[in-house]
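Trainee: heads up, no residue letters with this:
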RNA sequence: AGGGAAAUAGCGUAAUUGGUAACGCAACAGCCUUUGAAGCUGCCAAAUCUGAGUUCGAGUCUCAGUUUCCCUUCCA
């Protein structure tokens, strides 16, 4: 494994490592199976990144497979877009197509029919839904469930030949109509659909459904670990069923499905339906509108694949659906851009300033990067707009200062507020890279609006702050598109659900998600590649819109603003945890169980244990045979139901050793568990291994002493009140004693030691 | 007569598998600063969903409960 892993350890890497170690697989194969019926978005990058990175981390193979089993919605256009987007993300591979394996899937279906495991259903869809039952009512079979194999074979052949209309028949797996898992109530395998497939043309008029296709395709692709989101967890049963009952030389692996929690992002929606609605309602300009969560949109906005990958990596993976703070994305984007974006000056809301004492224009040589960026560079070099890495002194451009300049409207206040660090009348401020200016007059029109500021400039001096500027003569006008969050609330979908009637998520659209400004920018940018991502100092990160911008009509997208600790409104007070009163409900026991419960508690057995015993006759009878109710916790924890697992005498004897301080409790548990699997005499095990507990203070003390002297920092921490560390000391001592030390004695000794 | 999954600082993820509750983001403070950015330093915050049990010791094991999410497409 490479030194820097792409995926932090998680529950999936744990499984993979176990499988690799046990030899279940030699090399892992993961896969990402998008359906080509829409554009890839941030949600996809999370899943794809996981699969890709896992394969990379474990030297495995990553497969990209188009899950194109539904000809009605899928298009070549989407295939191309998805592949293009994923390649842009840095995930490149030979693309596989589910539809290329239709023949294999068909043959396997025939096999299932032959085995009597699939049948042709012929009731209507509505009827079938009725027969399926509900979550708490079991399903019923239709009259067609018991058709003969021959008849099923014939019907399926005719389905394939195109003899029937859409929906007339359906191939179903014969599993279990009464299963509490709805997915297992004879799921559909194949449907009739007279539609042209974008890839297979009119070759097929029957198409496999998701559950069936997914399992077979994964096996064909040699997938070992098939990852999907949580909502498919019930489908796993079909997945396994299919793979257990189908045999075909093309099936290269026995894949297993594992589920991870989805990650949604605050202030966005990703469902295809909702994204389409945004476009149809003209809330955004299209799939690649930079406010959209699609990869195409993020790319157009100027966000880099590195930033998206770092974001995907940063949010990790777990078994819970989670909503991620938008700040996490924003951090990843800024963090990425900070070191790669040359700084230039652009004014978004121009405000005229006359430098009265400036005789002639001056050409200033300004650095593209501030010292901090240079300092954090690993190679001491910085990225020049021309794409090469150069020494910092070479990363400069020339900026002209003239008599007439523009500054940012917000950088001047006639009546300054407290803490204002910019230009005021009579105040001084530094013009970035040019000197100190002092304002002595504001020229107003009749309406009292300020037209321009009259200032004087001096090379050095004290100033309230630093502001950016652009020379009026040489500056170039441009259009600035300032993008902001698309919604006003973090969870527009959830909010919409809370509303009555047909209220929908569109009512939470942020009316200011796009602001268009006419700005002015220093001309140096014209000499550099148009794809350069810049930081406009004090304004944020920008780049030219790849579609709408041209040399004659510059359009810059704001990729993301700078973090602003000055103007941002203080965040709303922390959401309070709603602590609801917890009501303990009476648990339901049969009258018989209740009687047992009473008997057991009468024998001084705790409520929690008594419940277990009352409901488990095996445990109960075993405990009875030990003739000692005090052994209840041993019987329960070891799951002793049968004397063949462990002779009651052995249990009694071992516990006796524990009670007489001759064996530690943990050791006893380990030995008993071992005895249960090996059927060896636990007493002999203890004897032969010399596991008697060490209660001898004098032999324990040196070990304790060693542990204490080896960890002086922890000793002081303990003495400073971190008493939780007692566990560390006890654990270490026991470990070093080979597990034989009496923990109680050890703990007492350590406490005594540490408190002196 | 339902089945399944989950719950750890404001957010996200960890915790040597029963032995120090940690990291990143956010927030806050200080330093630094020719970007109110960045950088550096510090700080706050969890009775690990609740209650009980076992244990010298529980985020981790057992039991009971609570809350949230998923499943009744011939979509995926």
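Mentor: All right, it came through fine. Remember, it's a predicted structure, so these values are computed and weren't measured experimentally.
Trainee: for the stretch 401-550 of chain A, which spans come out with low pLDDT?
Mentor: A:497-503 (pLDDT under 70).
Trainee: which positions in it make contact with RNA strand B?
Mentor: Neighbours of RNA strand B within the stretch 401-550 of chain A, by Cβ under 7 Å from any atom of the strand: A:419-422, A:430, A:432-433, A:435, A:465-468, A:535, A:537-538. (Each C-beta comes from the backbone N, C-alpha and C, glycine too.)
Trainee: same thing but at 10 Å, please
Mentor: Contact residues (Cβ under 10 Å from any atom of the strand) of the stretch 401-550 of chain A with RNA strand B: A:408, A:410-411, A:413, A:416-422, A:429-436, A:459-460, A:463-468, A:490, A:493-494, A:497, A:535-541.
Trainee: for residue A:318, see how far away the residue lying farthest from the centre of chain A is.
Mentor: Distance to the chain centre peaks in chain A at residue A:359, reaching 58.9 Å (criterion: Cα atoms, centre = their mean). For residue A:359, the distance to residue A:318 equals 66 Å [Cβ to Cβ, to the nearest Å].
Trainee: can you give me the strands for the stretch 551-700 of chain A?
Mentor: Ranges of strands within the stretch 551-700 of chain A are A:555-560, based on DSSP state E, counting those that start in this stretch.
Trainee: please enumerate the strands of the stretch 301-450 of chain A.
Mentor: Using DSSP E, counting those that start in this stretch, strands in the stretch 301-450 of chain A cover A:322-324, A:343-344, A:346-347, A:350-355, A:362-367, A:382-383, A:389-390, A:396-401, A:404-408, A:428-431, A:435-444, A:450-458.
Trainee: most packed of these?
Mentor: Most buried of the strands of the stretch 301-450 of chain A, by mean neighbour count (mean count of other Cβ atoms under 10 Å): strand A:346-347, with a mean of 28.
Trainee: so which elements touch it?
Mentor: Where contact means 3 or more Cβ pairs under 8 Å, 6 or more residues apart in numbering; DSSP states H and E, strand A:346-347 is packed against strand A:404-408, strand A:469-471, strand A:514-521.
Trainee: name the residues of the next helix-or-strand element following the second one that come out as buried.
Mentor: Looking back up the chat, that one is strand A:469-471. As assigned by DSSP states H and E, the chain's next helix or strand after strand A:469-471 is strand A:476-483. Within strand A:476-483, the residues that count as buried by 16 or more other Cβ atoms under 10 Å are A:476, A:478-483.
Trainee: one step back: which one of the helices and strands packed on strand A:346-347 lies closest to residue A:119?
Mentor: The minimum distance between residue A:119 and the helices and strands packed on strand A:346-347 falls on strand A:514-521, with 55.7 Å, by Cβ to Cβ.
Trainee: which residues touch the closest one?
Mentor: By Cβ atoms under 8 Å, 6 or more residues apart in numbering, the residues outside strand A:514-521 that reach it are A:291, A:344-350, A:406, A:470, A:472, A:475-484, A:536, A:554, A:556.
Trainee: how much does it deviate in direction from strand A:476-483?
Mentor: 150 degrees (axes from the mean of the first three to the mean of the last three Cα atoms, to 10 degrees).
Trainee: can you find the helix or strand in chain A with the smallest mean pLDDT?
Mentor: Scoring the helices and strands of chain A by mean pLDDT, DSSP states H and E places helix A:492-498 at the bottom, with a mean of 77.
Trainee: which parts of that one are buried?
Mentor: So helix A:492-498, judged by 16+ other Cβ under 10 Å, has buried residues A:492-493, A:495-496.
Trainee: how about stretch A:712-723?
Mentor: A:714-715, A:718.
Trainee: now the residues you listed in CSV, with secondary structure and distance to RNA strand B?
Mentor: Compiled in CSV, these are given as follows (DSSP: H, G, I helix; E, B strand; the rest coil; distance: Cβ to the nearest atom of the strand, whole Å):
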residue, secondary structure, distance to RNA strand B
A:714, helix, 6
A:715, helix, 11
A:718, helix, 9
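Trainee: please report phi then psi for residue A:235.
Mentor: Phi and psi for residue A:235, reported as degrees, to the nearest 10, are phi -70, psi -20.
Trainee: confirm for me that it is in contact with residue A:211.
Mentor: Yes: at 5.4 Å, residue A:235 counts as touching residue A:211 under the criterion of Cβ atoms under 8 Å.
Trainee: quick one: common contacting residues for those two?
Mentor: By Cβ under 8 Å, 6+ apart, the residues touching both residue A:235 and residue A:211 are residue A:183.
Trainee: pLDDT score for residue A:568?
Mentor: pLDDT recorded at residue A:568 is 45.
Trainee: next: the one 4 residues further on.
Mentor: At residue A:572, the model reports a pLDDT of 36.
Trainee: residues in contact with residue A:613?
Mentor: Contacts of residue A:613 (Cβ under 8 Å, 6+ apart): A:596, A:600, A:605, A:619-620, A:623, A:632, A:636.
Trainee: where does pLDDT dip in chain A?
Mentor: In chain A, residues with pLDDT under 70: A:1-3, A:497-503, A:567-587.
Trainee: show me the domain layout of it.
Mentor: Following automatic domain parsing, chain A resolves into domains at A:11-97+A:212-265, A:101-210, A:591-689, A:697-754.
Trainee: related to what we said a few turns ago, adding distance to RNA strand B, write the contacts of residue A:613 out as a markdown table.
Mentor: Shown next, in a markdown table, are the contacts of residue A:613 (distance: Cβ to the nearest atom of the strand, whole Å):
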| residue | distance to RNA strand B |
| --- | --- |
| A:596 | 14 |
| A:600 | 12 |
| A:605 | 9 |
| A:619 | 10 |
| A:620 | 14 |
| A:623 | 14 |
| A:632 | 8 |
| A:636 | 6 |
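Trainee: include neighbour count when you put these into TSV, please.
Mentor: Listed next are the contacts of residue A:613 as TSV, based on neighbours: other Cβ atoms under 10 Å:
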residue	neighbour count
A:596	19
A:600	22
A:605	22
A:619	20
A:620	18
A:623	26
A:632	22
A:636	18
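Trainee: just give me the closest of the residues you listed to residue A:267.
Mentor: residue A:636 (49.6 Å).
Trainee: thought the closest one was touching residue A:610?
Mentor: No: contact criterion Cβ under 8 Å: residue A:636 and residue A:610 do not qualify, at 10.1 Å.
Trainee: so which residues on the stretch 651-756 of chain A come close to RNA strand B?
Mentor: Checking the stretch 651-756 of chain A against RNA strand B by Cβ under 10 Å from any atom of the strand, the hits are A:658-659, A:661, A:664-667, A:669-670, A:711, A:713-714, A:717-718, A:722-735, A:739, A:741-748, A:750-751.
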